[in-house]
Structure formats: structure tokens, C-alpha cells
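Participant: Just the structure for this:
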Amino acid sequence: MVEEILLPELFARETDVCITAVGGILFFRPLADLLGLPSRFIITVSVITILYALVAFALASQESPSIRWLRLLVGANGVWTVISVLLLVYHHESAKIPGIVFLVLQILVVGAFTFLENRQIVKTDACPS
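Facilitator: So this is what the prediction gives:
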């Protein structure tokens with residue numbers, strides 16, 4: 001049941017995330033200048049994002065994915081939200097306004113998805129089969 005709700009949304013969202021991450025790798029130098037963040041930071045975040053998206057695609061393409069793996073993916077979002085807060089604290093002085101906006105939006109969006117997806121899993125667990 002949770003798979004029916006989360007997987008189509010997950011596939012669509014991760015398509016966008018993957019395209020954005022590939023853009024980060026292809027255009028890391030101008031992005032680093034625009035955001036005021038180190039090139040290594042842009043590349044690292046992009047690679048991690050692509051790896052995350054590949055796991056999400058693998059789950060979304062399964063007929064009946066493991067709820068354990070879905071929970072792990074949602075948990076990874078939670079961890080990434082916390083890491084993003086730490087990155088904002090670490091880079092807040094060197095980042096330009098667009099970089100700060102990027103980090104804040106990343107915290108808000110990933111945190112919101114974590115909350116909503118976790119809530120859906122908890123709701124589904126509470127429903128008797």
C-alpha cells in the first residue's frame with residue numbers, strides 16, 4: 001500500500017533530482033562562482049545525489065519494493081537534512097546569497113519530503129492489511 005503511494009512520486013521527484021545533479025557535475029565551476037561554494041562541494045553533493053537517485057529509481061522500478069528499503073531511503077533524507085544544516089552553518093560566511101538560498105531550500109525541501117514520506121509509512125503501518 002505504501003508503495004502505491006510513494007513510488008510514482010518518488011520516480012518523478014528523482015528524475016528531477018538526477019537531472020539537477022548531472023547539471024551540477026557538468027557546470028560545477030560556474031555554479032561554484034554563482035553560489036560562492038567550493039567546486040569540490042558542488043561535485044560531491046552532485047555525486048551523492050546521483051547515487052541516492054539511482055537507489056530510488058531501483059526501488060521505484062520494482063513491482064513490490066521492500067518497505068525496509070523505502071524506510072532506509074526516507075531515513076537517508078533525514079540524515080541529508082541534518083548534514084545540509086551543518087553545511088549551511090559551515091559555509092554561511094563564504095557562500096554568496098544564492099548559495100545560502102540553495103542550502104536553505106535544500107533543508108526545507110528534503111526535510112519536508114522526509115516528514116511527508118515518513119508520515120505516509122507510519123500511516124500505512126497503522127492500517128491493518
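
Participant: Mind checking the pLDDT average for stretch 110-129?
Facilitator: Mean pLDDT, stretch 110-129: 78.

Participant: What are the buried residues along it?
Facilitator: For stretch 110-129, a neighbour-count test (16 or more other C-beta atoms under 10 Å) marks 110-111, 113-114, 117, 120-121, 124 as buried. Every residue, glycine included, has its C-beta placed from N, CA and C.

Participant: Okay, and which of those map to helices?
Facilitator: Those of the buried residues of stretch 110-129 mapping onto helices are 110-111, 113-114, 117, 120-121, 124, per DSSP state H.

Participant: just checking, what packs against the helix or strand encompassing Ile83?
Facilitator: Taking DSSP states H and E as the definition, Ile83 sits inside helix 67-91. The elements that helix 67-91 packs onto, with contact taken as 3 or more C-beta pairs under 8 Å, 6 or more residues apart in numbering; DSSP states H and E, are helix 2-26, helix 39-61, helix 97-126.

Participant: Tabulate those helices in JSON lines, adding columns for distance to Val85.
Facilitator: Converted to JSON lines, these look like this (distance: least, C-beta to C-beta, whole Å):
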{"stretch": "helix 2-26", "distance to Val85": "19"}
{"stretch": "helix 39-61", "distance to Val85": "14"}
{"stretch": "helix 97-126", "distance to Val85": "6"}
